[in-house]
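Novice: sequence unknown, structure follows:
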Ligand code: IYR
């Protein structure tokens, strides 16, 4: 028997003409194929509306049981950015000091190190948290833990949409993951059920920004797609 909590409503779907479909599909592909991870940002301000719309796009993502287990903390305050940079550089110093040789070699073509100037230069840092579980009020007033499903996958999809929106709006991004990331929850005063997953500087690239040649090479379609 159908549950009374299941209430279907008609789907609203816009059917596109085939030529429009192909055109849109190609335009989106072109924009996304030009995206590069940027590590040198300009301090030039970015309209907040672009970041806000990107968060709205991210928050439209599908998620396990539609629990939307994400929080996007948008940091513009220079003092907070400075604290985040100091925290990230501290973790990264330790990472680069102790990283296993295999990992070091994998990173060599990217030319990264523990200096993270982009964390204070970029006009915005979007810190993405996963909400590991929810809280519900029981009739007697006590708090009950609510299990969240597919948290990492859901947050990953949302971040993909966030990046796509910002890229489409002509902005540069980086998915930075200083490890461990717990310092972000401390600096930003997030509750225990929020776990930092991504630290994303957003802005325009510095005029002299470079990218590692290594990052330009993407696998050919034959290597990523199997058609059955
Ligand atoms: N978090 C470090 C190291 C790093 C790790 C991976 I995997 C990368 O793709 C890039 C960097 C840093 O940001 O420098």
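Specialist: Everything's here; your move. What you see is a predicted model, and the numbers here were worked out from it, not measured in a lab.

Novice: my guess is residue 80 contacts residue 187, does it?
Specialist: Yes. Contact criterion CB atoms under 8 Å: residue 80 and residue 187 qualify, at 6.8 Å. Quick note: C-beta positions are derived from backbone N, CA and C, even for glycine.

Novice: Look at these two and report which has more neighbours.
Specialist: Taking other CB atoms under 10 Å, residue 80 and residue 187 do not tie; residue 187 has more neighbours (18 against 15).

Novice: looking at it, the more buried one is touching residue 81, isn't it?
Specialist: No. Here residue 187 lies out of contact with residue 81, judged by CB under 8 Å, at a distance of 10.0 Å.

Novice: hey, what's residue 202 bridged with?
Specialist: With DSSP bridges applied, residue 202 shows beta-bridge pairing to residue 124, residue 173.

Novice: For it, grab the count of nearby residues.
Specialist: Residues near residue 202, counting by other CB under 10 Å: 24.

Novice: so what pLDDT did it get?
Specialist: Listed pLDDT for residue 202 reads 99.

Novice: And the one residue in the chain that gets nearest to the ligand, what's its pLDDT?
Specialist: Taking CB to the nearest ligand atom, the ligand has its nearest neighbour within the chain at residue 112, 3.8 Å off. Here the pLDDT value assigned to residue 112 is 95.

Novice: what's near enough to touch it?
Specialist: With contact taken as CB atoms under 8 Å, 6 or more residues apart in numbering, residue 112 is in contact with residue 39.

Novice: Can you list the residue ranges for helices in this structure?
Specialist: Remark: helices assigned in the chain by DSSP state H are 18-33, 48-58, 78-98, 101-107, 118-121, 151-168, 182-188, 221-224.

Novice: would you turn these into CSV with distance to residue 215 and mean pLDDT?
Specialist: As requested, those are arranged in CSV below (distance: least, CB to CB, whole Å; pLDDT from 0 to 100):
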stretch, distance to residue 215, mean pLDDT
helix 18-33, 12, 98
helix 48-58, 22, 99
helix 78-98, 19, 97
helix 101-107, 12, 95
helix 118-121, 15, 98
helix 151-168, 14, 98
helix 182-188, 25, 98
helix 221-224, 16, 98
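
Novice: Now do the contacts for the most centrally placed residue in the chain.
Specialist: With distances taken as CA atoms, centre = their mean, residue 159 lies nearest the centre of the chain, 3.5 Å away. Neighbouring residues of residue 159 by CB under 8 Å, 6+ apart: 58, 128, 175, 197, 198, 200.

Novice: ok, the first one touching residue 161?
Specialist: Yes. Applying CB under 8 Å as the test, residue 58 and residue 161 come out as touching, 4.9 Å apart.

Novice: more crowded one of those two?
Specialist: residue 58 (23 against 18).

Novice: Show me what from the protein comes close to the ligand.
Specialist: By CB under 6 Å from any ligand atom, the residues of the chain that approach the ligand are 92, 95, 107, 110, 112, 176, 177, 178, 179.

Novice: Need the buried ones from those residues selected in PyMOL.
Specialist: Filtering the residues of the chain next to the ligand down to the buried ones (16 or more other CB atoms under 10 Å) takes a single PyMOL command:
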select buried, resi 92+95+176+178
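
Novice: quick check, nearest of the residues of the chain next to the ligand to residue 3?
Specialist: Residue 3 lies nearest to residue 177 out of these, by CB to CB, at 39.3 Å.

Novice: Residue 134 reaches residue 67, doesn't it?
Specialist: Yes. Between residue 134 and residue 67 there is a contact at 6.8 Å, judged by CB under 8 Å.
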